[in-house]
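Enquirer: from the sequence below, what's the structure:
(one chain, ligands or ions: 1)
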Amino acid sequence: MERPTVTDPIVILEREGPVGLIGLNNPPVNAASHALRVGLRDALHAFLEDREVRVIAVYGVGRSFVAGADIREFQTGRKPPLLSDLITEIEGMEKPVVAVCHGNALGGGLELALGCHARVALPGLKVGFPEVDLGLLPGAGGTQRTPRLVGLKAALDLIPTGKRITGEEAVAIGLFDTASTADPRTAALGAAHAVIEGALPARRTRELDADIDPALIETAKAKAAKKGHFTAPQRAIEAVAAAALPIDQGLAEEVRLFKECMEDPQRAALVQAFFAERAVAKIPEKDAAPRKVDHIAVIGGGTMGSGISTAALMAGLKVTLMEVSAEALARGKGTIEKNLGGAMKRGKLSDAAHAAALTALNTTTDLSALAEADLVIEAVFEDMEVKKDIFRRLDAVMKPGAVLATNTSYLDVDAIAAETNRPGDVLGLHFFSPAHIMRLLEVVVAQETLPEVTATGFALAKRLGKVGVRAGVCDGFIGNRILAHYRKVADYLVLDGAAPQEIDRALEDFGFAMGPFAVADLAGLDIGMMTRKRLAPTRDLRERYSPIPDRICERGWFGRKTGQGYYLYGDREGPNPAVATIIDEERAKAGITPREITDGEIVDRYMTAMIAEGARVLEDGIALRPVDIDAAFLFGYGFPRFRGGPMFYADTIGAAELVRRIEAYAEEDDFFWRVPPLLARMAADGTTFADLNERG
Ligand code: 3H9
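Expert: Numbering: from 1, shown residues only. Prediction:
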């Protein structure tokens, strides 16, 4: 056997008789960076010139084939050879080139495979076009080659959706030619020999025809439009439609649309969202070794506790659920079973995993039965005395080294920890409802929390498939503290002249899935009422207060669950006329003449308040970096992903303009509208929130 020749650490070149083997080696995910493209091109050229080589096989070294273009280059600029040109060159090569894929063949990685002359899938392979999630479309031939290989319907099922499928599914639809169970290098060698022997046919995808039915294109566009304001899926569908043209024209159209995506502000925001999801794991405690967690205990079987239990069971953990009575336990267990059944129906859980999850659930009414759990999460109602009592009892029974977590959404975690003799083991794990679906998990680090306990919270988040965001202790932590502030703006706008439904519509047009009043109705107006009651003793009387929500609650209207709130539910859908009367009465009482408020003003005030409180949260050290706030809002508060998060969005406005707005609003209300010192400094020296992220 000839020894491997390493020409470049990023590309491993070997010749084995008539086979030229190219191993791509760009950890961690083999992104098609500039260096990888250069290395691949040079390796291919070397084998084209080598007369002994009859077939070339490309495979991935490490975890994966190629997970796509190097996303960082979209921010820094792309240098030739561009992936699209390289793939077209490969397709035209005289010698057959085979792609052997394991791990991930995503985006540009899948496109590379499609430009090769045959494709082999290895076990565990995931393929797809996640470009649309980054505000892009497959820009290296994917929109032209996919419909040629698998037909229009299957192409439209993949490209505008970002859906990932398995290698087996890819073979079944004809995107891949065959499968192998060998390791990548052995499979690559085998596939090359199969090509030489004629057992694996090699062909150029460009020589196939695509049958483009305009009706299917229109249906796909209408379906994508239902998903909201995303521009990339629409452009991706247009690019697929161009597969009706001769391939070089189609490829040119794909490049044109790809460039449009690159210039669209949604692209930068979505790329930021991708990196935000990963950046939040970079915490000061990241080098601490997390404690082992296989068994968690959950106290409280309400919506939250059941959701948390479901999330843990879905991740393969053993769960012991505790409630005060057999009836409450039965209700909690019922909710968990319903959640797990739903997850199975949605394809999130296999039949076997569903059965395993059901057996991994134990229930008890006895707190001491939780003693052996590695981590316990208290998820009872928000009452400090009740929580303190539970933590005192947990302190007495839990095994040494167990992590004690509270799911409180605003209470003081330091005060809870102080009830125990092991405050270093205590932290907040704030889940968002429904906890088995929402991806945000605020990991609330109290004064005494040990680094390894924080690291355990982050490891748990990862295991549950959640995005852990590190938060400090204050009322509401990152998310609810900021929410409590900007949510007031919606109530002020109603007092001043906007109808709740106008505010909802303006914010939904901005990109929120639901406006604040529709959300309030869904969550239950009694929740806001309880918060207002709780905060009443500390409320500063200089603060403007809208009595409208209280007036609605006084009637027993708590939103959806009571059939009416800001809106009517059941068969009388639409804004609630009785609420309009309450609003008129309260405006009259306060001597307010309602004024015309534009959608633009609604969005500006709402967003400016969100950003201002975000700046204060940063300054107080509650969030580590602006990106942590962005991630919290993207994954827990329905913030429109294509706007990148509130602090990313703030940079598109600029600190100087934000300060100008706050000062203008302060002319009517200088208590609520105050310029955060951080924002003032940023306006003065031109710093952006992105700069603060860089500084870490
Ligand atoms: C494209 O291909 C465009 C083309 O059509 C057209 C071109 C002309 N680039 O997620 P992880 C980093 S668009 C750069 O934690 P996992 C990531 O930031 C691209 N970096 O691992 C992280 O860095 P750090 C289409 C990337 O095992 C580290 O790798 N492709 C890229 O949980 C580990 O990542 C995609 O959209 C990249 N492409 O998941 C695929 N990918 O450690 C995006 C990852 O410093 N990637 N990184 O935080 C993924 O979906 C997941 O990373 C993957 C692995 C499933 C591959």
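Enquirer: next up, the contacts around the closest residue to the ligand within the stretch 501-650 of the chain.
Expert: Per Cβ to the nearest ligand atom, Val627 is where the stretch 501-650 of the chain lies closest to the ligand, at 11.7 Å. Just so you know, the C-beta spots here come from the backbone N, C-alpha and C atoms, and that holds for glycine as well. Contacts here follow Cβ atoms under 8 Å, 6 or more residues apart in numbering; on that basis Val627 touches Gln272, Phe275, Ala276, Ala279, Val280, Gly645, Met647, Asn693.
Enquirer: can you put the residues you listed in JSON lines and add pLDDT?
Expert: As requested, the contacts of Val627 are exported to JSON lines (pLDDT from 0 to 100):
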{"residue": "Gln272", "pLDDT": "93"}
{"residue": "Phe275", "pLDDT": "94"}
{"residue": "Ala276", "pLDDT": "96"}
{"residue": "Ala279", "pLDDT": "97"}
{"residue": "Val280", "pLDDT": "98"}
{"residue": "Gly645", "pLDDT": "97"}
{"residue": "Met647", "pLDDT": "98"}
{"residue": "Asn693", "pLDDT": "95"}
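Enquirer: quick one: the residue of the stretch 501-650 of the chain closest to the ligand is in a helix?
Expert: Yes. Per DSSP: H, G, I helix; E, B strand; the rest coil, Val627 lies within a helix segment.
Enquirer: that one and Ser33: what is the separation?
Expert: Applying Cβ to Cβ, to the nearest Å, the value for Val627 to Ser33 is 23 Å.
Enquirer: out of the contacts of Val627, which sit inside helices?
Expert: Gln272, Phe275, Ala276, Ala279, Met647, Asn693 (DSSP state H).
Enquirer: which of those lies closest to Val61?
Expert: Using Cβ to Cβ, Phe275 comes nearest to Val61 of the ones in helices among the contacts of Val627, at 24.7 Å.
Enquirer: okay, now that closest one: neighbour count?
Expert: Neighbour count for Phe275, taken as other Cβ atoms under 10 Å: 17.
Enquirer: would you say Arg119 is within a strand?
Expert: Yes. Assessed by three-state DSSP, Arg119 belongs to a strand.
Enquirer: list the contacts of the closest residue in space to it that isn't next to it in sequence.
Expert: Among residues not flanking Arg119 along the chain, Phe176 sits closest, at 4.3 Å (Cβ to Cβ, 6 or more residues apart in numbering). If you count contacts by Cβ under 8 Å, 6+ apart, Phe176 has them with Cys101, Ala113, Arg119, Val120, Ala121, Val127, Gly167, Ala170.
Enquirer: taking those residues together, which two end up most distant?
Expert: Using Cβ to Cβ, the two most remote members of these are Val120 and Val127, lying 12.1 Å apart.
Enquirer: shared neighbours of the two, which are they?
Expert: Residues touching both Val120 and Val127 (Cβ under 8 Å, 6+ apart) are Cys101, Phe176.
Enquirer: higher neighbour count, the two?
Expert: Counted by other Cβ under 10 Å, Val120 and Val127 do not tie: Val120 has more neighbours, with 30 against 26.
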